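In: Below: sequence and its predicted model.
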Amino acid sequence: MKLLYVFFTLLFSDLAQANEFRFIKKFHFTQGRFKVDSGKYKYIDSNIVTVFKGPKDQTFELEAIKSKELTFYTLTVKRGESLALIINDFAVMSKTSKVRILKEGWVEDIDGDGYLDIIQREKTFIMGKRKPSAHYSNDKLKIKLWNSQTGSYVEKEKTDPIYIKALKLFNFKLYTLYENKVL
């Protein structure tokens, strides 16, 4: 009897440790905040798993992993009860006096097949004292499209027309902490 009580206590505490949101078309995640469809941005509770339930039995679970100056967000994607993908660095944010990293994530159907795809964009700026490259910056984009024939996500190449179009559609500003420049 005691074992049964422990089981139900653990079960209900796990259920209580998740926030669930339904969406129809998309969600966007940035800097500890998310927006579903055309709603307003809400801050994510970093102590619990946030679950986004989309169309066609698609589920996306977002969980924060914090260190001293860096927060990573892990995205777990499910199709029904099957695990489809885990992205350990779906989104990242860090802001110190010398480093600024921001990786945003979008989940939406960008190829029109009815299944939600995953877009990630990361911008980094590092201010250093080393010459000749005292300042370093980058801008990376990753697109993973759902392929219903293989039942998996496929990453698009930089030359793909969807990738090129996404460069403009999925963009944000990163302030470099150096001479007020924006990436």
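Out: It's in.

In: what about the strands in the chain?
Out: 18-22, 26-30, 33-36, 42-43, 49-54, 58-66, 71-79, 82-95, 99-108, 117-127, 135-147, 152-155 (DSSP state E).

In: So for L167, which of those strands sits nearest?
Out: strand 135-147 (6.2 Å; C-beta to C-beta). C-beta coordinates here come from the backbone N, C-alpha and C atoms, glycine included.

In: and the residue lying closest to K66 once chain neighbours are set aside, how many neighbours?
Out: Using C-beta to C-beta, 6 or more residues apart in numbering and skipping residues adjacent in sequence, the residue nearest K66 is S46, 6.4 Å away. Applying other C-beta atoms under 10 Å, we find 14 residues neighbouring S46.

In: contacting residues around S46?
Out: G32, A64, K66, T71 (C-beta atoms under 8 Å, 6 or more residues apart in numbering).

In: want to throw the residues you listed into TSV with pLDDT and neighbour count?
Out: Below are the contacts of S46 laid out as TSV (pLDDT from 0 to 100; neighbours: other C-beta atoms under 10 Å):
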residue	pLDDT	neighbour count
G32	87	16
A64	88	18
K66	81	11
T71	83	15
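
In: can you tell me which two in those are farthest apart?
Out: Pairwise distances across the contacts of S46 (C-beta to C-beta) peak at 10.3 Å, for the pair G32 and K66.

In: For stretch 110-128, what is the distance to the chain centroid?
Out: 8 Å (C-alpha atoms, centre = their mean, to the nearest Å).

In: ah, wrong one, I meant stretch 102-121
Out: With C-alpha atoms, centre = their mean as the basis, stretch 102-121 stands 9 Å off its chain's centre.

In: Stretch 28-39 too?
Out: Relative to its chain's centre, stretch 28-39 lies at 10 Å (C-alpha atoms, centre = their mean).

In: And that stretch, what's buried?
Out: H28, F29, T30, G32, F34, K35, V36 (16 or more other C-beta atoms under 10 Å).

In: I'd assumed T71 was in contact with the fourth one.
Out: Yes - when contacts are counted by C-beta atoms under 8 Å, G32 is listed as touching T71 (7.1 Å).
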